[in-house]
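1. Pasting a predicted model and its sequence here:
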Amino acid sequence: MLLHLAINRADMAWLSVHTRNSLETNTEVLHYFDCDFVFFHSDYDDAVPALKKGLPLAKTFICMDRESEHGPSLETWIKDCYAPFDCAPEDPNAPMLLQPTGGTTGPSKGGVHTHRSFEMVMIALFETLSITPESKHLVVSPLTHAAGFMALGFVPIGAANIVLPTFDAEAILETMAREK
């Protein structure tokens with residue numbers, strides 16, 4: 001989630017893909033959106049060569065959790081960037097997220113969220129779910145679909161996201177009991 005916020009703070013738009021989609025589908029979606037920069041987790045290291053081949057505009061690949069033969073780690077990439085960032089107010093109508101559609105009527109298309117439309121989504125979440133700083137949100141990875149939007153809704157107000165790495169009914173019940 002911090003990477004999403006950093007991308008938005010840099011006044012760039014992030015692209016969302018679902019990790020349970022096929023590699024071909026995600027490559028098509030990223031190509032459709034003219035993706036020119038890819039952050040990936042080492043769990044998907046084997047997919048990077050195909051992404052590089054299918055995404056001619058993408059020249060930079062950053063591995064979020066470790067060094068990779070396909071690109072530097074996020075930590076290495078930002079190591080000399082610890083300087084104040086002058087951030088002006090964003091244009092409320094500028095794109096901040098490109099979200100693929102479901103593809104039920106053919107290839108996925110893209111929906112564009114502006115800063116304002118996403119702020120309205122967050123406000124709707126706060127109000128509808130009565131999110132407070134004491135709220136806790138239990139979510140199972142991956143956060144690449146609706147769960148990710150929900151998780152982002154808890155961040156601005158300082159509420160907690162409790163993320164489990166995979167679906168495990170026993171772990172979910174244990175976490176619910178512990179985090180009441």
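-> Received it, and whenever you're ready, just let me know what you need.

2. For the rest of this, base every contact and every neighbour count on C-alpha atoms.
-> Will do.

3. longest helix in the chain, by residue count?
-> In the chain, with assignment by DSSP state H, the single longest helix is helix 115-129.

4. Could you pull up the mean pLDDT of the next helix or strand after that one?
-> In the C-terminal direction, the helix or strand that comes right after helix 115-129 (DSSP states H and E) is strand 136-140. For strand 136-140, mean pLDDT rounds to 92.

5. neighbouring contacts of strand 136-140?
-> Strand 136-140 is contacted by residues 147, 151, 154, 159-167, 176, 179 when judged by C-alpha atoms under 8 Å, 6 or more residues apart in numbering.

6. cutoff 6 Å now
-> By C-alpha atoms under 6 Å, 6 or more residues apart in numbering, the surrounding residues in contact with strand 136-140 are 160-164, 166.

7. Now list the buried members of the residues you listed.
-> The neighbour count (16 or more other C-alpha atoms under 10 Å) marks 160-161, 163 as buried among the contacts of strand 136-140.

8. residue boundaries of the strands in the protein?
-> Using DSSP state E, the strands of the chain run over 14-15, 37-40, 60-63, 95-100, 110-114, 136-140, 160-164.

9. and those strands as TSV, adding distance to Asp80?
-> Below are the strands of the chain laid out as TSV (distance: least, C-alpha to C-alpha, whole Å):
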stretch	distance to Asp80
strand 14-15	23
strand 37-40	18
strand 60-63	15
strand 95-100	25
strand 110-114	30
strand 136-140	33
strand 160-164	30
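
10. Which stretches in this structure count as helices?
-> Counting by DSSP H, the chain has helices at residues 2-9, 23-32, 48-54, 74-78, 115-129, 146-154, 169-178.

11. what's the angle from the first one to strand 95-100?
-> Spelled out, it's helix 2-9. For helix 2-9 against strand 95-100, the angle by axes from the mean of the first three to the mean of the last three C-alpha atoms, to 10 degrees is 130 degrees.

12. And the contacts of helix 2-9?
-> Contacts of helix 2-9 (C-alpha under 6 Å, 6+ apart): none.

13. mind listing what's buried in that helix?
-> Neighbour-count burial for helix 2-9, with 16+ other C-alpha under 10 Å as criterion, is recorded at 4, 8-9.

14. Restricting to C-alpha, output it in PDB.
-> The C-alpha trace of helix 2-9 is given here as PDB (Å, rounded to 0.1, in the frame of the first residue of the first chain):
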ATOM      1  CA  LEU A   2       2.900   2.400   0.700                       C
ATOM      2  CA  LEU A   3       4.000   1.900  -2.900                       C
ATOM      3  CA  HIS A   4       0.500   3.000  -4.100                       C
ATOM      4  CA  LEU A   5       0.600   6.100  -2.000                       C
ATOM      5  CA  ALA A   6       4.200   6.900  -3.100                       C
ATOM      6  CA  ILE A   7       3.100   6.600  -6.800                       C
ATOM      7  CA  ASN A   8       0.200   8.900  -6.200                       C
ATOM      8  CA  ARG A   9       2.300  11.400  -4.200                       C
END
